[in-house]
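In: Return atomic coordinates for the entry below.
(4 chains)
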2 protein chains.
Amino acid sequence: MKSVFQSIQNFSAEELNLLNDLITFRTLKKGELLLTENQVCNEVVFIKKGILRSFFVNHKGDEITNCFAFENEFMASFASFITQEKAEENIQALAETELQILDRKALEKLYQSGFNWQETGRKLTELEFVNLHKRMVSFQKLSGAQRYEELYQNHQKYIQLIPLQYLASYLGITPRHLSRIRKAVV
Amino acid sequence: MKSVFQSIQNFSAEELNLLNDLITFRTLKKGELLLTENQVCNEVVFIKKGILRSFFVNHKGDEITNCFAFENEFMASFASFITQEKAEENIQALAETELQILDRKALEKLYQSGFNWQETGRKLTELEFVNLHKRMVSFQKLSGAQRYEELYQNHQKYIQLIPLQYLASYLGITPRHLSRIRKAVV
DNA sequence: TCTTTTAATAGACAAATGTCCTAAAAATAG
DNA sequence: CTATTTTTAGGACATTTGTCTATTAAAAGA
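Out: The predicted model follows:
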């Protein structure tokens, strides 16, 4: 986690020590839930090892995967974390996963400790925004087949590591349709 | 614009004076473009009066509306503003529009002038993220008809003020399909 | 106001995508 | 290693949504 912050800004040893003191740790077994819908999300996690997926359940009871996070990436129900309203998402480990955790209090302490943390927080939020925007654009501009094609070309990791049933809802299509698309591509 | 910032944080008279000095003004005629795709977006605008829409063009040449902004809301190609890469969107006035503008330099000056502006910037970015997230969820969870229904129930303003052809692509459907949906609802 | 342009509606048909179901393949547990 | 469960692939058919087009309604310009 430290190295991500340092890639944004040069922090002093003192600032990094404060961070170190605030981080806690946790491991998840495959399939285990980190967050359940209707809980308020009170922590942001950073993945040292493993994969997480976030999903919600639609009116028919189908699980719809909202996003994945891999090693060296952050994950949370950011919407719930920010608004302090109940999360709509569940967050689940897709493999044995090791986490570093910053809870709300810890992050608030960091933010209040100085300008640099505020600035880094803003910049990371901006980057999260840009990522989400790209995903939104892909839903408006592309068909399911084109979104799969894009993953296939630029994010092999997804195709190798994620069960297709999860990938399907992530792409906004049914598993049946993803199977058709894959047949056409290969 | 001032009042939006003040709703986030109590700024001193001095801080607000700095803001005042940095704001510039512009008016747009109906149909006029504020930003064209392939330009880098270098300003964030605040709408005093009027409506803006942001749209991009897909591979078939169709205009796809990405978002709208109304009075007392901000607008920009935030992705381009943040990354300083070329925008994929065009921003256009849907009516006679009056703007307050903060350009990149001005915003940077604000941010560097103190902790409070950094914090407010972070919080506003967080709110933009949450809005975008809601829109993303609506695309994953709901059908086009359900998205229209949601607008109809909770955002009459969109249905009253926005030409249906723009609303259609904003909802991720064709005008033909929107017409069918409206017939079913009424 | 009259004329011209643009926007909205809707029919007929086509294409894309979903539902339901079964069989094979792969992963997991004992 | 075997049995059981889960995942993936794909056939048959249904539904949704898009395309193309024409007509009417509304808006803009002269």
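In: near chain B at all, stretch A:35-47?
Out: No - applying CB under 8 Å from any CB of the partner chain, one finds stretch A:35-47 separated from chain B by no less than 11.9 Å. The way it works is simple: take the backbone N, C-alpha and C, and place the C-beta from them, glycine included.
In: List the buried residues in that stretch.
Out: Buried residues in stretch A:35-47, counted by 16 or more other CB atoms under 10 Å in any protein chain shown: A:35, A:37, A:39, A:41-47.
In: so what's the residue nearest the centre of chain A closest to, chain neighbours aside?
Out: Geometric centre of chain A, nearest residue: A:Met75, 3.6 Å, by CA atoms, centre = their mean. In this structure, A:Met75 finds its nearest non-sequential neighbour in A:Ala69, 3.9 Å apart by CB to CB, 6 or more residues apart in numbering or on different chains.
In: check contacts around the one you found.
Out: A:Ala69 is in contact with A:47, A:51-54, A:75, counting by CB atoms under 8 Å, 6 or more residues apart in numbering or on different chains.
In: With respect to DNA strand C, which of these is nearest?
Out: A:Ile51 (12.3 Å; CB to the nearest atom of the strand).
In: Name all residues that make contact with that closest one.
Out: Counting by CB under 8 Å, 6+ apart, the residues that A:Ile51 touches are A:68-70, A:93-95, A:97, A:161-162.
In: Show me these that map onto helices.
Out: If you go by DSSP state H, those have A:Leu161 in helices.
In: Can you pull out the low-pLDDT segments for chain A?
Out: A:186 (pLDDT under 70).
In: which parts of it sit against DNA strand D?
Out: A:163-165, A:175-176, A:178-179, A:182-183 (CB under 7 Å from any atom of the strand).
In: one more time with 10 Å, if that's ok
Out: A:31, A:94, A:143, A:162-168, A:174-184, A:186 (CB under 10 Å from any atom of the strand).
In: What about DNA strand C: which of those touch it?
Out: Counting by CB under 10 Å from any atom of the strand, the members of the residues of chain A next to DNA strand D near DNA strand C are A:31, A:94, A:143, A:163, A:168, A:174-181, A:184.
In: Need the buried ones from the residues you listed selected in ChimeraX.
Out: A single ChimeraX command selects the buried members of these (16+ other CB under 10 Å):
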select /A:94,168,178,181
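In: Let me know the closest of the ones next to DNA strand C among the residues of chain A next to DNA strand D to chain B.
Out: Nearest to chain B among these, counting by CB to the nearest CB, is A:Ser143 at 10.1 Å.
In: Ramachandran coordinates for that closest one?
Out: A:Ser143 adopts backbone torsions of phi -80, psi 170, taken as degrees, to the nearest 10.
In: For the residue nearest to A:Met75, name its beta-bridge partners.
Out: A:Leu52 (DSSP bridges).
In: if we can go back for a sec, pick out the most distant pair among the contacts of A:Ala69.
Out: A:Ile47 and A:Ser54 (12.4 Å; CB to CB).
In: Need the overlap of contacts for the two.
Out: Once CB under 8 Å, 6+ apart is applied, the residues that A:Ile47 and A:Ser54 both contact turn out to be A:69, A:75.
In: Going by distance to DNA strand D, which of the contacts of A:Ala69 wins?
Out: Among the contacts of A:Ala69, and counting by CB to the nearest atom of the strand, the member closest to DNA strand D is A:Arg53, at 11.7 Å.
In: what residues are up against the residue lying closest to the closest one once chain neighbours are set aside?
Out: Ranked by CB to CB, 6+ apart and with sequence neighbours excluded, the top spatial neighbour of A:Arg53 is A:Phe68, at 5.0 Å. Residues near A:Phe68 by CB under 8 Å, 6+ apart: A:51-54, A:94, A:158, A:162, A:166, A:170.
In: now A:Lys48
Out: A:Lys48 neighbours (CB under 8 Å, 6+ apart): A:71-72, A:98-100.
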